[in-house]
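S.K.: any chance you could fold what I've pasted below:
(one chain, ligands or ions: 2)
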Amino acid sequence: MKTSIIGYPRIGSLRELKFASEKYFRNEITADSLLATAKNIRLENWTVQNSNGIDFIPSNDFSFYDNMLDTAVLLNAVPERYKALDLSALDTYFAMARGYQGKSGDVKALAMKKWFNTNYHYMVPEIDDNTEIKLTGKKPFDEFLEAQKNGIKTKPVIIGAFTFLKLARFTGNKTATDFVDSVSAAYCEYLEIFNALGAEWAEFDEPFLVTDLSAEDISLFVSLYKKILSTKGNVKILLQTYFGDVRDCFNEICGLDFDGIGVDFVEGKKSLELVTENGFPKNKMLFAGVVNGKNIWRNHYGKTLITVSELKKHCGEIVLNTSCSLLHVPYTLKNESKLPDSVKKHFAYAEEKLSELAELKKILSSEQSLETAEYIANSALCSEPRSGLNEAVREKVAALSEKDFVRLPEFAEREKIQKKRFDLPLLPTTTIGSFPQTSEVRANRAAFRKGEISEAQYEDFNKKQIADCVALQEKIGLDVLVHGEFERNDMVEYFGECLDGYIFTEKAWVQSYGTRCVKPPVVWGDISRAKPMTVKWSKYAQSLTDKPMKGMLTGPVTILNWSFPREDISLKESAFQIALAIREEVLDLEENGISIIQVDEAALREKLPLRKSDWKSDYLDWAIPAFRLVHSGVKPETQIHTHMCYSEFADIIKEIDDMDADVITFEASRSDLTILDVLKENNFRTEVGPGVYDIHSPRVPTVDEIKSALHKMLDRIPKEKLWVNPDCGLKTRGNAETIPSLENLVRAADEVRNEIK
Ligand code: GLN
Ligand code: ZN
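M.R.: Ligands and ions are numbered 1, 2, ... in the order given. Got it, this is the predicted structure:
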């Protein structure tokens, strides 16, 4: 039995790539120096996989920013506006990723979207009628050769033609089917080159296959692969799927000339059933995704063995695989110096998952699987009782009834009461919460954590930041202010630290987009509020101004979605536990004079199941109530805001309205106008602040640009319901671009206000 992985994290075990890239962006290091850092990371990754005896080691899973962007560049899907900048290949690539504003021109970044149901984001390839798809780059070949030079034979991986076309945005009249010939020709050439280079296997990642597919989708897939597979030559082809099961196309993919098929047995609810009921072609290898690539708990070998032995009855050769790329878990437990062993022994990060694969291989290859030392140790570990359970919390959740989820009076009445109370101008301006986390802010926090300064010193510094931030907002002329979130590193980590039941890691970074990483906390036990979390900061900030100061919390669904969740209780149970804790904080803020409270549900959309049939039963039926539970106890005159990153909630628009917030802000600056149309068509009740500029890019929006965005919004949203704000928090930005951007925002709002009065 062999082992394989789909991809490895590439930001560097100590985030070396992040730091080098950011230095490069600031012109502090040369391109060569950045390339050298990247090369080291690749070598380290291959070496650790090799030393764990992984049989199928991927190459081309490395990326400077994102693999979808890499694929677009490889296929020459580079929009003219980036080519026209006439930059180096590397800088053109970064211009597509981050936008560019400088001597050579001014262009926005490509759109960015969540990668299926993960917190990773990909760059959306843009294809217009003139795009000439052809193989132009060398990255996959170079990386294959680079590994080979180091004595490591790899399996090159690339996003498959189908997923690429399904996720691309077509800006002209042509659609995916118009590109079947050129795209398949490019992938054919790709395979010809790998034939010449002597690759034994090539992997095509097709996660789009686990979504609801139409008949046209399936025929698109089949027509692409009939062509591509005709040139495979001596290279064996692995079709890799993940994040779910392939129920819509199982027979079609089994009928094509693939040499291996990768199936996800962790998230794929029907994967096992598909194989046992339909059988699996004996001449193909089944790459069985049995080690969870998304969570950090140790694999339960007993359960895995049951799955594999069932599969063995129906399949030929089985390869032990991860369920998806290990990109979604942190690097290695070796960097966790502070966690006690009693905790660490329950965790497996990327490196430990490699050894799990190795152990499983050993166990499964043994005649006496259940008597191997590895198996015995694992079953002992998995049967240990868990610490951190809290009966009182469970009882509270069990006692919840219908009325705990309903806020009264109903929306329209509250809206009137609040308009009167706040007396804000039309098109009120605000921000999403965080202000730039400057190096001083981070240094202050680091100094406090290391014990170099006292708590009082730490707090004084933050108070000074808050005071400056409030003064700045007043000077700019914003209407509803924020305290700036200087006390927070990452929003979820911050709340997790104030909640009992959470565990924190030290270096468990996971890439979110580009150079941005998050360090998800771990839901270890039952959750409750250990202490007030934000009250003192909000109260202090409000004391500095007569304008309303928004309290700033993160919602239960987002906290849960951005944590590593437990696997021994349901997500619903965990979400309600967290909701009760946040509810206490909301009421505490209200009692302390905070009149507007924002409860971010940045990640609500992100975990929507990939298949529509699962939306309600697996998710919305608990996610929306969890949010309502947080705010149902506040007074009518307290205004509840929420914020969601991404506006791709057109198809759950009713549920979003049903969260029953008073105001929602969301990202709209990088997406098309459809969401605004959808708001209009559905008579969206909640007041809205669709972001008027993109904070993921350092460029400063002009007043005219913002005004034109507002005009488009006003065509579709009643002026009484429209708010003006950036599309997300500002913490990743610098003051240099933030201040002029906000000044332009306020000016634009002001000018439009005068036009519509
Ligand atoms: N209030 C948070 C902030 O401004 C929201 C962040 C987010 O939506 N990701 O940073
Ligand atoms: Zn956001």
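S.K.: can you list the buried residues in stretch 715-735?
M.R.: 716-717, 721-731, 733 (16 or more other CB atoms under 10 Å). C-beta: built from backbone N, CA, C; applies to glycine.
S.K.: closest to ligand 2 among these?
M.R.: Nearest to ligand 2, judged by CB to the ion, of the buried residues of stretch 715-735 is Cys728 at 3.3 Å.
S.K.: alpha carbons of the host helix or strand of Glu737, as CSV, please.
M.R.: Taking DSSP states H and E as the definition, Glu737 sits inside helix 735-756. Listed next in CSV are the C-alpha coordinates belonging to helix 735-756 (Å, rounded to 0.1, in the frame of the first residue of the first chain):
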residue,chain,number,x,y,z
ASN,A,735,-2.2,54.6,7.3
ALA,A,736,-0.7,56.0,4.2
GLU,A,737,-3.5,54.7,2.0
THR,A,738,-6.2,54.4,4.6
ILE,A,739,-6.4,58.1,5.5
PRO,A,740,-6.8,59.4,2.0
SER,A,741,-9.2,56.6,1.1
LEU,A,742,-11.5,57.4,4.0
GLU,A,743,-11.3,61.1,3.3
ASN,A,744,-12.4,60.4,-0.2
LEU,A,745,-15.1,58.2,1.1
VAL,A,746,-16.5,60.9,3.3
ARG,A,747,-16.3,63.5,0.6
ALA,A,748,-18.0,61.2,-1.9
ALA,A,749,-20.8,60.5,0.6
ASP,A,750,-21.2,64.2,1.2
GLU,A,751,-21.4,65.2,-2.4
VAL,A,752,-23.9,62.4,-3.2
ARG,A,753,-25.9,63.4,-0.2
ASN,A,754,-26.2,66.9,-1.5
GLU,A,755,-27.3,65.6,-4.9
ILE,A,756,-30.2,63.5,-3.5
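S.K.: can you tell me the closest non-neighbouring residue to Ala447?
M.R.: Closest residue to Ala447 apart from its sequence neighbours, by CB to CB, 6 or more residues apart in numbering: Ile453 at 4.7 Å.
S.K.: which positions in the stretch 451-600 of the chain make contact with ligand 1?
M.R.: Selection of the stretch 451-600 of the chain residues close to ligand 1 by CB under 6 Å from any ligand atom yields Glu485, Met491, Met552, Asp600.
S.K.: ok, the last one - contacts?
M.R.: The reference is to Asp600. Going by CB atoms under 8 Å, 6 or more residues apart in numbering, Asp600 touches Ile432, Gly433, Met491, Met552, Leu553, Thr554, Gly555, Thr558, Thr642, His643, Met644.
S.K.: the helix holding Glu737 near ligand 1 anywhere?
M.R.: No: applying CB under 6 Å from any ligand atom, one finds helix 735-756 separated from ligand 1 by no less than 11.8 Å.
S.K.: list the contacts of that helix.
M.R.: 425-427, 429, 431, 435-436, 438, 472-473, 476-478, 692-693, 695, 698-704, 706-707, 710-711, 714, 719, 724-726, 730.
S.K.: repeat that for 6 Å
M.R.: 426-427, 429, 436, 476-477, 698, 700-701, 703, 706-707, 710, 719, 724, 730 (CB atoms under 6 Å, 6 or more residues apart in numbering).
S.K.: for the stretch 601-750 of the chain, give me the ranges with low pLDDT.
M.R.: Counting by pLDDT under 70, the stretch 601-750 of the chain has low-confidence residues at 669-672.
S.K.: quick one: neighbours of Asp178, just the number.
M.R.: 16 (other CB atoms under 10 Å).
S.K.: which one of the residues of the stretch 451-600 of the chain next to ligand 1 is nearest to Phe287?
M.R.: Within those, the smallest distance to Phe287 is 36.3 Å, found for Met491 (CB to CB).
S.K.: show me the contacts for the closest one.
M.R.: Thr554.
S.K.: excluding chain neighbours, what is closest to the closest residue to ligand 2 within the stretch 401-550 of the chain?
M.R.: Going by CB to the ion, ligand 2 is nearest to Ile432 of the stretch 401-550 of the chain, at 5.9 Å. With CB to CB, 6+ apart as the measure, Gly729 is the residue that lies nearest to Ile432, at 4.5 Å, once sequence neighbours are left out.
S.K.: that neighbour: what's it in contact with?
M.R.: Counting by CB under 6 Å, 6+ apart, Gly729 has contacts Ile432, Gly433, Ser434.
S.K.: so for the second one, what's the pLDDT?
M.R.: As summarised for this prediction, Gly433 has a pLDDT of 97.
S.K.: quick check: it vs Gly477, distance?
M.R.: 18 Å (CB to CB, to the nearest Å).
S.K.: settle it for me: which of those two has more neighbours?
M.R.: Gly433 (26 against 14).
S.K.: tell me where the stretch 1-150 of the chain has helices.
M.R.: Using DSSP state H, counting those that start in this stretch, the helices of the stretch 1-150 of the chain run over 16-25, 31-51, 67-74, 80-83, 89-98, 139-149.
S.K.: those: which one's closest to ligand 2?
M.R.: When the helices of the stretch 1-150 of the chain are compared (using CB to the ion), the closest one is helix 89-98, at 17.1 Å.
S.K.: and the closest one, what does it pack onto?
M.R.: helix 80-83 (3 or more CB pairs under 6 Å, 6 or more residues apart in numbering; DSSP states H and E).
S.K.: swap the cut-off to 8 Å and go again
M.R.: helix 67-74, helix 80-83 (3 or more CB pairs under 8 Å, 6 or more residues apart in numbering; DSSP states H and E).
S.K.: just those helices: most buried one?
M.R.: Counting by mean count of other CB atoms under 10 Å, helix 67-74 has the highest mean neighbour count of the helices and strands packed on helix 89-98, with a mean of 24.
S.K.: relative to Arg386, which of the helices of the stretch 1-150 of the chain is closest?
M.R.: Taking those one by one with CB to CB, helix 31-51 is closest: 29.8 Å.
S.K.: could you dump the helices and strands packed on helix 89-98 into JSON lines and include distance to Ala508 and mean pLDDT?
M.R.: What follows is those, written out as JSON lines (distance: least, CB to CB, whole Å; pLDDT from 0 to 100):
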{"stretch": "helix 67-74", "distance to Ala508": "22", "mean pLDDT": "98"}
{"stretch": "helix 80-83", "distance to Ala508": "34", "mean pLDDT": "97"}
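S.K.: can you put those helices in a markdown table and add distance to Lys616?
M.R.: Output for the helices and strands packed on helix 89-98, formatted as a markdown table (distance: least, CB to CB, whole Å):
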| stretch | distance to Lys616 |
| --- | --- |
| helix 67-74 | 29 |
| helix 80-83 | 41 |
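S.K.: that older thread, and the residue of the stretch 401-550 of the chain closest to ligand 2, helix, strand or coil?
M.R.: What DSSP: H, G, I helix; E, B strand; the rest coil gives for Ile432 is coil.
S.K.: tell me how many other residues crowd it.
M.R.: 28.
S.K.: go on, the one 3 residues further on?
M.R.: A count of neighbours around Phe435, defined by other CB under 10 Å, yields 27.
S.K.: hang on, isn't it packed against Gly484?
M.R.: Yes: counting by CB atoms under 8 Å, Phe435 does reach Gly484; the two are 3.9 Å apart.
S.K.: need the overlap of contacts for these two.
M.R.: Cys469.
S.K.: let me know the closest of the contacts of helix 735-756 to ligand 1.
M.R.: Leu730 (6.7 Å; CB to the nearest ligand atom).
S.K.: and the closest one, how far from Cys469?
M.R.: Taken as CB to CB, the span from Leu730 to Cys469 is 10 Å.
S.K.: how about the secondary structure of Tyr502?
M.R.: strand.
S.K.: what count of nearby residues applies to it?
M.R.: So Tyr502, with other CB under 10 Å, has 22 neighbours.
S.K.: which non-adjacent residue is nearest it?
M.R.: Per CB to CB, 6+ apart, closest to Tyr502 is Gly496, 4.0 Å.
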